[in-house]
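# Predicted coordinates and the sequence they were generated for:
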Amino acid sequence: MLTEDSEQQQQQQQEQEQQQQQKQQQQQQQQQQQQQQQQKQQQSIELHLPRGFLGGSVLATREAAAASALLGLQTPLTSMLLLLRCCCGAAAAVSHVVIWGVCTHPRAAVLKKGKRQQQQQQQQQQQQQQELHFSVSSLPLDPQQDELRQQHKEFIASAAAAAAAAAVDDDGSKESAAADYVAAAAAAAASTAKQQAAAKEQQQHQKIRAQLAALLQQTTAADELQQQRKLQQQHRRAP
């Protein structure tokens, strides 16, 4: 009887030891799972402020935010470390919050997918914000100037040819040839004066074109800056 009782006790002890080992294994597995979850939650989580709040994105991490945890963003306008005690599942493990641009309560923040959306938006903004190259036409503002120049040149050539022909044909009448030559010279002088005036006008037109191009470039640069600011404000106010 004693031997049977001792055997039963040994069996019970073995069963208890096995149960304890199983419990320990289960506890170890649970601890490992908890550690894995904590490691996942320790990774940086990007938050965005809801509408009604000024400022940019909020970066939440379990530990104090380091330079590597800020995802390569610019220097924050206000960097605040706040204790987050929240009952919501994914945000419960977050203990430090860095707020970009504004200080607000971290409970008002909304979790969102961070990195991929940010990269896509940056690519879209870069495509939309391509530099615009401006070119000003070298043609004069008044297209008739070129035609007038050609007419002046043709008139000068025809007048000189007519004067030479008259001088050759009328050997006896030198006075008429001299008068024709004087008239042709006067016409040529008048045409040169007109050419000089046209050249001055063209220089003035070139200056005006350069001024217009500079003004156009300034206005478009200002428009691009306004558009960038609007996009940034919309991105910051997005829920």
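Ah, there it is.
# where's residue 223 relative to residue 230, distance?
11 Å (CB to CB, to the nearest Å). Placement of C-beta: from N, CA and C, glycine included.
# name the element residue 200 belongs to?
helix 174-237 (DSSP states H and E).
# by contact count, what packs against that helix?
On a contact count with 3 or more CB pairs under 8 Å, 6 or more residues apart in numbering; DSSP states H and E, helix 174-237 meets helix 115-128, helix 144-169.
# try it again with 10 Å
strand 45-48, helix 115-128, helix 144-169 (3 or more CB pairs under 10 Å, 6 or more residues apart in numbering; DSSP states H and E).
# worst average pLDDT in the ones you listed?
With a mean of 41, strand 45-48 has the lowest mean pLDDT of the helices and strands packed on helix 174-237.
# shouldn't residue 183 be in contact with residue 160?
No. If you go by CB atoms under 10 Å, residue 183 and residue 160 don't touch, sitting 11.1 Å apart.
# Averaged pLDDT, stretch 32-43. What do you get?
68.
# Tell me where the model's unsure across the chain.
Counting by pLDDT under 70, the chain has low-confidence residues at 1-5, 38-118, 125-153, 163-182, 185, 238-239.
# now do 80
1-10, 36-196, 198, 202, 206, 209-224, 234-239 (pLDDT under 80).
# what residues go with each domain of it?
42-128, 144-237 (automatic domain parsing).
# what's the closest non-adjacent residue to residue 155?
In space, and not counting its chain neighbours, residue 155 is closest to residue 191: 6.3 Å by CB to CB, 6 or more residues apart in numbering.
# any idea how far residue 158 is from the one you found?
11 Å.
# Give me the more crowded residue out of these two.
With neighbours defined as other CB atoms under 10 Å, residue 191 and residue 158 compare such that residue 191 has more, 18 against 12.
# which secondary structure elements does the helix or strand encompassing residue 33 contact?
If you go by DSSP H and E, residue 33 is part of helix 2-42. With contacts defined as 3+ CB pairs under 10 Å, 6+ apart, helix 2-42 has these neighbours: strand 57-61.
# repeat that with 8 Å
Against helix 2-42 (3+ CB pairs under 8 Å, 6+ apart) you get no helix or strand.
# Begin at 645 from now on, thanks
Yes, from this point I'll number from 645; that puts the last item at helix 646-686.
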